[in-house]
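> Sequence first, then the predicted structure, then my questions.
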Amino acid sequence: MSAARPLTTLRTIAVTAALPLLLTACGYGAESTDDAKQTKVAAGAKKLSADEVKIGYFPNLTHATALVGVQEGLLQKELGGTTIKAATFNAGPSEIEALNGGSLDIGWIGPSPAINGYTKSNGKNLRIIGGSASGGVKLVVNPDKIKSLKDVKGKKIATPQLGNTQDVAFLNWIADQGWKVDAESGKGDVSVIRSDNKVTPDLYKAGSVDGAWVPEPTASKLVAEGAKVLLDESTLWPDKKFVITNIIVRQEFLKEHPDVVEAVLRGSVKTNQWINANPEKAKASANAALKAESGKALPPEVIDPAWNSITFLDDPLAATLNTEAEHAVTAGLLEKPDLKGIYDLTLLNKVLKAEGKDEVDDAGLGAE
């Protein structure tokens, strides 16, 4: 995309409805939690350049790198005497707001809020510094009403929110079928019903929707209610990989405390390595973290298929972020953005090289 393009703006027809929603990563509501918790530091551990680092993430399986990294002490281990102050968020807007306000330094977040947080500030508030997860999004349907992809036409399909990552993906898929839907209203050849992921299973049970294009664990919750997986979004992408969670940093914090940022990235890389080497232990750890956050663990019939559909990796899959932005433009929800400079993968590649891993690419969207 051209570096000469101006700040992203939403199309006029969608400004009031879509602007706050485009910032939502996966449609889990708009509130954040205020119960920030500090991790325990080993006695005698040496501090880095900051006393503490404030990190944020969702209580969500696609953010398991952060959940497990905090739960198992893998992030804190790399930070020495610098304390982690962790907070969870239920949606992208509140996390971006915290980052902008300085109450958050580093966050795990989805592609849509990363794109909008960057472009709405004219590239001045955040950088994407690493990847965390890919996949974990499915089209699940009522098998009595929908038996093939062509049967989706004329049906009611839920997405988390207008303009969120899954909503944009579904609108793009609809367009690829040659069908027409008004992006703002959701009306057309398919009825797109915007519904909070917490509510969607109830809508499905009531027959108010015929299916949903949703992230995990919502997709597996629907399957537990009798729905069937009609399409795994990963099959639509090259190598079956697309970004679902990135790591972002406040630019001022990156400039002032690069050693702390590097330590967090090293902890993230080592956490993903541990997750991939110990999938059952990691799944149990993530579920324990979810239970600590919500008071309720996910049952095996939900967490097992959900966990298996998510790939934990360090590559931010920059080319797919660019494509997701193009999908939002095609859907009529976004003017063509200038994403040049959204990435700074310098520290990640330093960490990867030290770990004997391949360096990753910013798809020409790196900071100069």
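Looks like it came in fine. Residues are numbered from 1 along each chain as shown.
> Every contact and neighbour count from this point should use C-alpha atoms.
Fine.
> where does Val249 land in three-state SS?
Three-state assignment for Val249 (DSSP: H, G, I helix; E, B strand; the rest coil): strand.
> Which pLDDT value does the model give it?
The model reports Val249 with a pLDDT of 98.
> remind me which residues of the chain are low pLDDT?
For the chain, the stretches flagged by pLDDT under 70 are 1-44.
> now with 80?
For the chain, residues meeting the criterion pLDDT under 80 lie at 1-45, 91, 368.
> Just the helices from it, written as ranges.
Using DSSP state H, the helices found in the chain span residues 15-22, 64-71, 74-79, 92-101, 111-120, 165-176, 200-206, 218-224, 251-256, 258-277, 279-294, 300-308, 318-330, 346-354.
> Of these, which is nearest Pro238?
Nearest of those to Pro238, taken as C-alpha to C-alpha: helix 318-330 at 9.0 Å.
> and the closest one with helix 111-120, angle?
80 degrees (axes from the mean of the first three to the mean of the last three C-alpha atoms, to 10 degrees).
> Tell me the buried residues in helix 318-330?
Buried positions in helix 318-330, judged by neighbour count with 16 or more other C-alpha atoms under 10 Å: 318, 320-322, 324-330.
> what about Glu368, how many neighbours?
Other residues lying near Glu368 total 7 when counted by other C-alpha atoms under 10 Å.
> Grab the nearest non-local neighbour of it.
What sits nearest to Glu368 in space, not counting adjacent residues and going by C-alpha to C-alpha, 6 or more residues apart in numbering, is Gly341, at 6.9 Å.
> Do I have it right that that neighbour meets Ala363?
No - between Gly341 and Ala363 there is no contact under C-alpha atoms under 8 Å: 10.6 Å.
> Mind naming the longest strand for this protein?
Selection of the longest strand in the chain by residue count, based on DSSP state E, yields strand 126-135.
> Okay, Glu301 and Pro279: tell me how far apart.
Using C-alpha to C-alpha, to the nearest Å, we find Glu301 at a distance of 16 Å from Pro279.
> between the two, who's got more neighbours?
Pro279 (15 against 12).
> how close does the most centrally placed residue in the chain get to Ile96?
For the chain, Gly110 is the residue whose C-alpha lies nearest the centre (C-alpha atoms, centre = their mean; 2.5 Å). Separation of Gly110 from Ile96 (C-alpha to C-alpha): 11 Å.
> Overlap of the contact sets of the two?
The contact sets of Gly110 and Ile96 do not overlap (C-alpha atoms under 8 Å, 6 or more residues apart in numbering).
> hmm, back to that, which one of the buried residues of helix 318-330 sits closest to Ser234?
Nearest to Ser234 out of the buried residues of helix 318-330 is Thr320 (C-alpha to C-alpha; 11.3 Å).
> wait, that closest one sits on Asn246?
No - counting by C-alpha under 8 Å, Asn246 is not a contact partner of Thr320; they are 11.7 Å apart.
> count of residues packed around the residue lying closest to Val249 once chain neighbours are set aside?
Distances taken as C-alpha to C-alpha, 6+ apart put Ile106 closest to Val249, at 4.4 Å, once the chain neighbours are dropped. For Ile106, the neighbour count with other C-alpha under 10 Å is 28.
> Test of understanding: give the bridge partners of Ile106.
Partner residues in beta bridges with Ile106, using DSSP bridges, are Ile55, Val249.
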